[in-house]
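Asker: Got a sequence here, can you model it:
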Amino acid sequence: MKALYFAWVRERIGRAEEELSPPPEVATVGELIAWLKSRDEAYALAFENAAVIRTAVDKAHVRHETPIAGAREIAFFPPMTGG
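Answerer: Residues are numbered from 1 along each chain as shown. Next up, the predicted model:
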């Protein structure tokens, strides 16, 4: 699946996108975030407060409990402000 990173998530990780192949036991968005955090310090910093990270699976906004099976694209972005 393709992962897309936006705003300060992208800045902290140092890339805008990448292809991911998480292990089979990673079944939900929340588990994917936990797995990403374990990869290295940049991911740990980007996802240190996972509760504020918003996620879209195949362009639909989802909760962290959402299964990722069959997802083609997962986007991660911080909360947005402005008007």
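Asker: Quick check: which helices or strands does the helix or strand harbouring Arg12 pack against?
Answerer: Assigned by DSSP states H and E, Arg12 belongs to helix 7-13. Other elements packing on helix 7-13 under the criterion 3 or more C-beta pairs under 8 Å, 6 or more residues apart in numbering; DSSP states H and E are helix 41-46, strand 73-77. Any C-beta I mention is one placed from the backbone N, CA and C, and that applies to glycine too.
Asker: Save the ones you listed as CSV, and put in distance to Pro22 and mean pLDDT too.
Answerer: Shown next, in CSV, are the helices and strands packed on helix 7-13 (distance: least, C-beta to C-beta, whole Å; pLDDT from 0 to 100):
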stretch, distance to Pro22, mean pLDDT
helix 41-46, 12, 97
strand 73-77, 10, 97
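Asker: Pipe these into CSV and attach distance to Ala60 per row.
Answerer: What follows is these, written out as CSV (distance: least, C-beta to C-beta, whole Å):
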stretch, distance to Ala60
helix 41-46, 22
strand 73-77, 10
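Asker: any idea which of the ones you listed is most buried?
Answerer: strand 73-77 (a mean of 19; mean count of other C-beta atoms under 10 Å).
Asker: tell me the contacts of Arg54?
Answerer: His61, Phe76, Phe77, Pro78, Pro79 (C-beta atoms under 8 Å, 6 or more residues apart in numbering).
Asker: Quick check: the gap between it and Ala7.
Answerer: To Ala7, Arg54 is 10 Å away according to C-beta to C-beta, to the nearest Å.
Asker: need the longest helix for this structure.
Answerer: helix 29-37 (DSSP state H).
Asker: helices and strands around it, which ones?
Answerer: Helix 29-37 packs on helix 41-46, strand 54-57, strand 73-77, going by 3+ C-beta pairs under 8 Å, 6+ apart.
Asker: Can you name every helix or strand that the longest one contacts?
Answerer: The elements that helix 41-46 packs onto, with contact taken as 3+ C-beta pairs under 8 Å, 6+ apart, are helix 7-13, helix 29-37.
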